[in-house]
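> Any chance you could fold what I've pasted below:
(one chain, ligands or ions: 1)
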Amino acid sequence: MYDLVIKNGILIDPEKLTRRKGNVGIRNGKIAAVTQSEIHGKQELAADDKIVCPGFIDIHGHVDWNTYCGELSLRQGITTTVGGNCGLSPLDIEAFFAVQEQEGFIVNQAEMIGHSMSLRQAVGAIDPLQPATPEQLALMEYAVEKAFEEGACGLSLGLAYAPGSSDEEVFNLSRLAARYGRVVAVDTRMRTEIDMYSLVEAINIARKTGARVQISHLVYQYGTGVVGEALAVIDKARAEGLDIRFDSGMYTQWATHIGAVLFSEESIALNNWSLEDILVITGKYNGKRLNPEIYRDLRENHPQTSVVVFTGIEEEIYMALNHPFAMPSTDTGAYAPGEGHPQIAGSFPRYFRRMVGERHELTIMDAVRKATLLPAETLGFHSKGRLREGLDADLVVFDIKGIMDKADFGLPDATPEGIDFVVIGGEIALAQGKLVNTRAGKAVRCTKPVYDYNI
Ligand SMILES: [Zn+2]
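Residues are numbered from 1 along each chain as shown. From the prediction side, this is the model:
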């Protein structure tokens, strides 16, 4: 007798890349049986020929304890979210995990330590256009080592948010990540229409330090007509033996706060954006495009207001996610209900609907692999992202024919359709759209090197 049984599903195994009908038995929070035989549990869920697979791992998010943001992730089938991206993270990683270990959370959380905003701020390197001093860098090195000791799964860089960061800063901190066998997630600078410099710069981190580099939301950086070129640069680096991977969103528009240096007049001109390309998605101008007056008011008085930039080309999304080392991601963040970018509620359902159901870009097995096993391997989550006995019972049951994102600009938090059940650590967290357990999520600490350091 199992604690929980998921019956009569189409089981997708992302390791073997197989699909077969069967049942999953769960005991003590772990997958205890993956079988074609009849099994019984104290609780049983009827999968009714829906897909049953490991829960999705969102390798690039900013949930960071925001319950509503976590709920929108769960409703997409995400069981583990990776926070602290883009150079923005809590500084006390031990406290972050300790609270989750005591109280639980709506989804599992892993965490990066963020350089460009958080660490720099903490050591007094507050001017984003100036490099840190040697003393400040030494303090950051100490903080990064401490974060890795406490279980941070990687270092995140947001080079566009601190363009003054020196090579020394970037390389010294990344070298620590390499030594601990952790990933370096790089939100590359925005100079996208000009050249591949920003991507080559990120790849150089791998070349110079030996770190595994995860390029953040590739389509948001290069989906303006140069994704093909970016993929060629990545493939060439991989052929050289550099460990470069990337994640990508499902939208042609990306979001951040208007106060970022990225939206200085110089940077807007450099990137060839017009104010009309930029839509406000929070606060008093929510739903309006920028004009010179709104731009000035927001930059001066409301720099935390979120905006999205409409410059992407849809085909480039699919091109990017077809790459064997591409993983879907949300870039989700905390917004008040009714505000924000549809990526917060729609990304994974949109990925499965478009990439598998509508466009047949990926088989269901490969689509699941990219959303589960590949991020788990990339980050070193050894007990997640796999449908195997003895591993964590983080699972999702969904209808590949019915899965559908409903979120859009103006309705960014609309619940997707087609996700029947989400199970986290053996507990039913979501059933037919209803939240069942909002404390099933656990801390995901990384304690071992994910790859060998040999430079
Ligand atoms: Zn981000």
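
> what about residue 168, neighbour count?
The tally of other residues near residue 168 (other Cβ atoms under 10 Å) stands at 12. C-betas here are computed from N, CA, C, even on glycine.

> Isn't it up against residue 131?
Yes - using Cβ atoms under 8 Å, residue 168 is in contact with residue 131, at 7.5 Å.

> and the closest residue to the ion within the stretch 351-455 of the chain, how far is that from residue 189?
Closest contact between the stretch 351-455 of the chain and the ion, by Cβ to the ion, is at residue 375 (14.8 Å). According to Cβ to Cβ, to the nearest Å, residue 375 and residue 189 sit 24 Å apart.

> contacting residues for whichever residue of the stretch 301-450 of the chain sits closest to the ion?
Nearest residue of the stretch 301-450 of the chain to the ion, counting by Cβ to the ion: residue 331, 4.5 Å away. Residue 331 sits next to 60, 61, 62, 85, 216, 217, 220, 249, 254, 255, 341, 343 when contact means Cβ atoms under 8 Å, 6 or more residues apart in numbering.

> Spell out, range by range, the helices that occur in the stretch 151-300 of the chain.
Remark: helices assigned in the stretch 151-300 of the chain by DSSP state H, counting those that start in this stretch are 167-179, 197-209, 218-222, 227-239, 265-270, 292-301.

> now the residue of the stretch 351-455 of the chain closest to the ion: how far from residue 188?
Applying Cβ to Cβ, the value for residue 375 to residue 188 is 19 Å.

> thought residue 277 was touching residue 311?
Yes - counting by Cβ under 8 Å, residue 277 does reach residue 311; the two are 5.5 Å apart.

> Which residue of these two possesses the greater neighbour count?
Higher neighbour count among residue 277 and residue 311: residue 311, with 20 against 17, using other Cβ under 10 Å.

> I'd like the secondary structure assignment at residue 355, please.
helix (DSSP: H, G, I helix; E, B strand; the rest coil).

> need the contact list for it.
318, 321, 361, 362, 367.

> Let's have these in CSV, adding neighbour count and pLDDT.
CSV is the format used below for those (neighbours: other Cβ atoms under 10 Å; pLDDT from 0 to 100):
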residue, neighbour count, pLDDT
318, 17, 98
321, 24, 98
361, 16, 97
362, 20, 98
367, 23, 98
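
> The residues you listed in helices, which ones?
Counting by DSSP state H, the contacts of residue 355 place 318, 321, 367 in helices.

> Show the residue spans covered by the strands in the stretch 1-150 of the chain.
2-13, 18-27, 30-35, 41-46, 51-54, 56-58, 78-83, 108-114 (DSSP state E, counting those that start in this stretch).

> Would you mind finding the most buried of the ones you listed?
Mean neighbours per residue, mean count of other Cβ atoms under 10 Å, is largest over the strands of the stretch 1-150 of the chain for strand 56-58, with a mean of 31.

> by how many degrees do the host helix or strand of residue 316 and helix 227-239 diverge?
Per DSSP states H and E: residue 316 is located in helix 314-321. Interaxial angle, helix 314-321 versus helix 227-239 (axes from the mean of the first three to the mean of the last three Cα atoms, to 10 degrees): 10 degrees.
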